[in-house]
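Novice: Need the 3D shape of this:
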Amino acid sequence: MKASGLLIAALMLTTIIASAQTKTVNPFGLVYKDAITKNSSGEVNIHSVTYKLNDIDISANIYTPVGYDPSKKYAAIVVAHPNGGIKEQTAGLYAQRLAESGYITIVADAAYQGASGGQPRHLDNPNFRVEDIRGMADYITQYAGVDATRLVVLGICGGGGYTLKAAQSDKRFKAVATLSMFNSGVVRRNGFQDSQVATIQERLKKASDARAQEAAGGKIIYAGVASVTDEEIAKTKTDLYREGYEYYYRTHAHPNSTFLYTMSSLLDLMTWDATTNIDLIDQPLLMIAGSKADTKYMTDHAFELATGTKEKEIFLIPEATHIQTYYVPEYVGQVMSKLTEFYSNHLNSKTITN
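Specialist: I've put the predicted structure just below:
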């Protein structure tokens, strides 16, 4: 009987996962709930664009608000996606929701990732990720209807860490917000929750060897996770990675999204830190995290070090974990309420008629 019960439970789990993956194909490739399925006059619309950044083709989506009129002027928001994420997932969800609040928003796949160009694939250089944010700012401030003097930024997960770095020097951003911030350099160096401090030198050696192999024309070595079984997901102890696997490989899977990155990327990642020089941020700063997020320690640390701004706030989403802030309607609603309040407090009215 026990074996039969386990078999039934396993079959039910398989059915639930299959059901989650069986979705109507979105014409724009969007995988989040209530995503735009067509562009209609008088509604929020999505515009796929491609532009060059350091000779690499960048694939981006721009969302325009209800009643968008290029002869008027709108505040704009740059949205930076999570590590392993792409523009069609949670970054796109928040870009769309912010456009519904009256902003013009842009979200782009990082260079070497997603639908953007660049070789080798899945290169994860933190300096390039910061440049991606600046590149989005370059493009959106030239877009019809955008008031370049009213530009703000939102970074999610790893994109949050890169946003903190970009805002240290790029003062085009008048206000800075992060959601579930993840400091990629610290985690790649020390391990998640400092679990790999003892193996730093060993991992640096592997990264160095991988770089040498690439330079010699050899096969590119990848770190990270290419795929994961249901059993492996169930055995993952940390909420971040267990729920992350479910999000990226099951409920919100997209073929352009992957947890892979080149092993040689660690040479740059492991010597990088989002909080170095964070006191250079003098813009208003909002950092949002789930109260139960096992990544919250990174938000707390960055917030403490951000001493250069006179206006900063941590906003906690009660009971939420890191990944749950990506898609759970109740939590997304709370994030949106806080973001729109924050941005409106630091920008003039969203639309100005010429």
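Novice: Poorly predicted segments of the stretch 251-354 of the chain, please.
Specialist: For the stretch 251-354 of the chain, the stretches flagged by pLDDT under 70 are 348-354.
Novice: can you pull out the strands in the stretch 1-150 of the chain?
Specialist: Per DSSP state E, counting those that start in this stretch, the stretch 1-150 of the chain carries strands over the ranges 45-53, 56-64, 72-80, 104-108, 146-156.
Novice: between those, which one is nearest to Tyr343?
Specialist: Nearest of the strands of the stretch 1-150 of the chain to Tyr343, taken as CB to CB: strand 146-156 at 5.4 Å. (Each C-beta comes from the backbone N, C-alpha and C, glycine too.)
Novice: What sits closest to Gly117 if chain neighbours are left out?
Specialist: Closest residue in space to Gly117, ignoring its immediate chain neighbours: Asp57 at 3.9 Å, by CB to CB, 6 or more residues apart in numbering.
Novice: what residues are up against the one you found?
Specialist: Asp57 makes contact with 50-51, 116-117, according to CB atoms under 8 Å, 6 or more residues apart in numbering.
Novice: Look at it and report its pLDDT.
Specialist: pLDDT for Asp57: 98.
Novice: For it, give its distance to Gly158.
Specialist: Distance, Asp57 to Gly158, by CB to CB, to the nearest Å: 22 Å.
Novice: again with Thr238
Specialist: 16 Å.
Novice: Between the two, tell me which one has more neighbours.
Specialist: Ranked by neighbour count (other CB atoms under 10 Å), Thr238 and Gly158 place Gly158 first, with 26 against 15.
Novice: so that one touches Val130, yeah?
Specialist: No - using CB atoms under 8 Å, Gly158 makes no contact with Val130, being 11.2 Å away.
Novice: ok so Met287 is a strand residue?
Specialist: Yes - residue state for Met287 (DSSP: H, G, I helix; E, B strand; the rest coil) corresponds to a strand.
Novice: does it have beta-bridge partners, and which?
Specialist: Beta bridges link Met287 to Thr178, Ile314, judged by DSSP bridges.
Novice: which ones are touching it?
Specialist: Met287 sits in contact with 160, 177-178, 181, 299, 302-303, 312-315, where contact means CB under 8 Å, 6+ apart.
Novice: Now with 10 Å, please.
Specialist: Neighbouring residues of Met287 by CB atoms under 10 Å, 6 or more residues apart in numbering: 155, 160, 164, 176-181, 296, 298-300, 302-303, 306, 312-316.
Novice: same check, this time on Gly114
Specialist: Gly114 neighbours (CB under 10 Å, 6+ apart): 58-60, 81, 85-89, 108, 121-122, 254-258.
Novice: Would you mind checking the residues you listed for buried ones?
Specialist: 58-60, 81, 85-89, 108, 122, 254, 256-258 (16 or more other CB atoms under 10 Å).
Novice: Ala144: neighbouring residues, count only.
Specialist: 12.
Novice: Find the nearest non-adjacent residue to it, please.
Specialist: Nearest to Ala144 is Pro70, by CB to CB, 6+ apart, at 3.7 Å.
Novice: who's in contact with that neighbour?
Specialist: 64, 104, 143-146.
Novice: Name the member of these with the most neighbours.
Specialist: Ile104 (28 neighbours).
Novice: Was I right to think that one contacts Gly145?
Specialist: Yes - between Ile104 and Gly145 there is a contact at 6.4 Å, judged by CB atoms under 10 Å.
Novice: residues shared between the contacts of those two?
Specialist: Taking CB under 10 Å, 6+ apart as the contact rule, Ile104 and Gly145 both touch 64-65, 68, 70, 73-74, 76, 351.
Novice: Give me the PyMOL select line for these, limited to the buried ones.
Specialist: Selection of buried members from the shared contacts of Ile104 and Gly145 for PyMOL, criterion 16+ other CB under 10 Å:
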select buried, resi 64+65+68+73+74+76+351
